[in-house]
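J.: Next come a sequence and a model predicted from it.
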Amino acid sequence: MKHSRWTGLIYLLVTATGWALNWPAMKVLLREWPPLFSRGVAGVTASVLLGVVAVCVGERPRVPREYVPRLLLAACTNVFAWMGFSTLSMKWLSVSEGALLVYTMPIWAMLLAWPVLSRRPSTVEFLALLLGLAGVVVLLGGRGVAFDAGKIAGIAFALLAAVLFALGTVIARTPIPVPPISLVAWQVGLGCAPMIVAGLLIEHPELASLHADGWAVLIYMTLVPMGVCYLAWFATLRHLPPQIASIGMLLVPIMGIVAAALVLGEPLGWKEAAAMALTLSGVALALRRKAPQTEPE
């Protein structure tokens, strides 16, 4: 048992590190390619690779017809909204702002469960909401409250990513009966393909503008966050209870913010530290009731 737990912690650290480094990586890629198109290309490529892995390990990727609508809804909330809107928010927000805003997802899931599932939050969970909101206020209010249009758009997209992923978590009360790797491959592929279409129609990317550093980041996003990390996440769940694993995922925004400070020179002072402490304390309290079935990147 002890060996299994240590194995799970190693897989958890691999998952958290890969997903955390993806936050500053996205900022680098956005210098050369627009957000929806770049995320879509990485996601569709990763879904094909995950599909090959699923077949190689003996999974049957077939989705029962009656579960197709639920799969499409999951792809919309868990991938298109989560990955697409969070990446889009990075055009206007720093990594610390974007990461903390989107990782408030468990707090919104707690609130949405009230009207959707008639599950009234407890006193502790209301405290989680207050802590989370206090962290956001500290983070966004450190330089005053006068935001330009771009800043407001970034905040809106980050919160939309969190709220829609939370809604998908709340309404998905029973799992889709598809093997785990195949399920991720389907969701990522179906969720990211529309990003490519939207990117071509709206963003008009210049394909030749991607340089060596951009290619390196694109390859990293494809192979590590959406490939290796998802495989490591499922391995984590085989060795650790889901609630412990989910709370451990709070390492992702912390590591991502520190990495952005080291790599991109983004600010990391008392304001960011206080916001992390408040927001993630609230998220940890919100996760106490029930861990999510899947973990966002």
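T.: Cool, the structure landed. Numbering: from 1, shown residues only.
J.: what sits up against the helix or strand where residue 68 lies?
T.: Taking DSSP states H and E as the criterion, residue 68 maps to helix 68-74. Contact with helix 68-74 is made by 63, 168, 171, 172, 176, 178, 183, 186, 187, 190, as judged by C-beta atoms under 8 Å, 6 or more residues apart in numbering. C-betas here are computed from N, CA, C, even on glycine.
J.: residues near the fifth one, how many?
T.: A count of nearby residues for residue 176, using other C-beta atoms under 10 Å, gives 16.
J.: Now it. Its backbone dihedrals?
T.: Residue 176 has phi and psi values of phi -80, psi 130 when expressed as degrees, to the nearest 10.
J.: mind listing what the closest residue to it other than its chain neighbours touches?
T.: Distance criterion C-beta to C-beta, 6 or more residues apart in numbering; nearest residue to residue 176, sequence neighbours excluded, is residue 67 at 5.1 Å. Counting by C-beta under 8 Å, 6+ apart, residue 67 makes contact with 176, 177, 178.
J.: again, but for residue 262
T.: Residue 262 makes no contacts at all, as judged by C-beta under 8 Å, 6+ apart.
J.: Quick check, pLDDT for it.
T.: On pLDDT, residue 262 comes in at 91.
J.: Could you give the separation of the one helix or strand it maps to from the chain centroid?
T.: Using DSSP H and E, residue 262 maps to helix 251-264. In terms of C-alpha atoms, centre = their mean, to the nearest Å, the centre of helix 251-264 is set 15 Å apart from its chain centre.
J.: and what of stretch 268-285?
T.: Distance, centroid of stretch 268-285 to centroid of chain: 18 Å (C-alpha atoms, centre = their mean).
J.: pLDDT of that stretch, averaged?
T.: For stretch 268-285, the per-residue pLDDT averages 88.
J.: Put the alpha carbons of that stretch into CSV.
T.: Taking C-alpha atoms only, stretch 268-285 is exported to CSV below (Å, rounded to 0.1, in the frame of the first residue of the first chain):
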residue,chain,number,x,y,z
LEU,A,268,5.8,37.3,-8.4
GLY,A,269,5.5,39.3,-5.2
TRP,A,270,3.3,39.5,-2.1
LYS,A,271,0.2,40.2,-4.2
GLU,A,272,0.5,37.0,-6.2
ALA,A,273,1.5,35.0,-3.2
ALA,A,274,-1.5,36.2,-1.1
ALA,A,275,-3.8,35.6,-4.1
MET,A,276,-2.5,32.1,-4.5
ALA,A,277,-2.9,31.4,-0.7
LEU,A,278,-6.5,32.7,-0.6
THR,A,279,-7.8,31.3,-3.9
LEU,A,280,-6.3,27.9,-3.6
SER,A,281,-7.3,27.6,0.1
GLY,A,282,-10.9,28.2,-1.1
VAL,A,283,-10.6,25.7,-3.9
ALA,A,284,-9.2,23.1,-1.5
LEU,A,285,-12.2,23.6,0.8
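J.: quick one: low-confidence ranges for the stretch 51-200 of the chain?
T.: Applying pLDDT under 70 to the stretch 51-200 of the chain flags residues 142-147.
J.: sorry, back to before: now distance to residue 238 too, for the contacts of residue 67, in TSV please.
T.: Below are the contacts of residue 67 laid out as TSV (distance: C-beta to C-beta, whole Å):
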residue	distance to residue 238
176	19
177	18
178	17
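J.: and which of these is nearest residue 46?
T.: The nearest member of these to residue 46, counting by C-beta to C-beta, is residue 178 at 17.1 Å.
J.: Number of residues surrounding the closest one?
T.: For residue 178, the count of nearby residues is 21 (other C-beta under 10 Å).
J.: is it fair to say it lies in a helix?
T.: No: under DSSP: H, G, I helix; E, B strand; the rest coil, residue 178 sits outside any helix and is assigned coil.
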